[in-house]
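K.L.:
need a structure here:
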Amino acid sequence: MFLTLALLRKGIPGKQWIGKYRRPRFITWQMKRNTVAHLEREAENEYWLSRPYMNLEQERGHAALRRHRIWTNIRDERQAKFPEHKYLSDHLSHLNITKTWTS
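P.N.:
Next up is the predicted model:
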């Protein structure tokens, strides 16, 4: 059955670029060049990432001061946006128009 389908089939069923029976894509020299460039770039990145700038003693806590400064800035900005305190006397002051029962 598969042999007859392979021999008698005229074309690729459905979409020709996706699926199980898709049309094979030919590899061009541009594709090879781009892949080689990508692999070279990846190898260079691996090279530089494998050699740290700081050793472990220098790296420990090197950004603590910067993180503390950023956190204080964020905290101060949040506190500046926070509304002022409201007291109960402010909410009920409109009731203090006349005090007939006190002097």
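
K.L.:
lowest-confidence helix or strand of the protein?
P.N.:
helix 2-8 (a mean of 66; mean pLDDT, DSSP states H and E).

K.L.:
residues near residue 63, how many?
P.N.:
Per other C-beta atoms under 10 Å, the neighbour tally for residue 63 reads 9. To be clear about C-beta, it is placed using only N, CA and C from the backbone, and glycine gets the same treatment.

K.L.:
Quick check: pLDDT value at it.
P.N.:
pLDDT, residue 63: 91.

K.L.:
Give me the phi and psi for it.
P.N.:
Per-residue torsions, residue 63: phi -110, psi 10 (degrees, to the nearest 10).

K.L.:
Repeat that for residue 33.
P.N.:
Torsion angles at residue 33 (phi, psi; degrees, to the nearest 10) stand at phi -60, psi -40.

K.L.:
What residues of the helix or strand hosting residue 45 count as buried?
P.N.:
Following DSSP states H and E, one finds residue 45 within helix 29-49. Neighbour counts over helix 29-49 (16 or more other C-beta atoms under 10 Å) mark no residue as buried.

K.L.:
mind starting the numbering at 896 from now?
P.N.:
Sure, I'll start counting at 896 from here, so that last one is helix 924-944.

K.L.:
Residues in contact with the helix or strand following that helix: which ones?
P.N.:
Counting by DSSP H and E, the next helix or strand C-terminal to helix 924-944 is helix 951-954. With contacts defined as C-beta atoms under 8 Å, 6 or more residues apart in numbering, helix 951-954 is touched by residue 947.

K.L.:
What count of nearby residues applies to the closest residue to residue 912 other than its chain neighbours?
P.N.:
Distances taken as C-beta to C-beta, 6 or more residues apart in numbering put residue 918 closest to residue 912, at 6.4 Å, once the chain neighbours are dropped. Here the number of neighbours of residue 918 (other C-beta under 10 Å) works out to 12.
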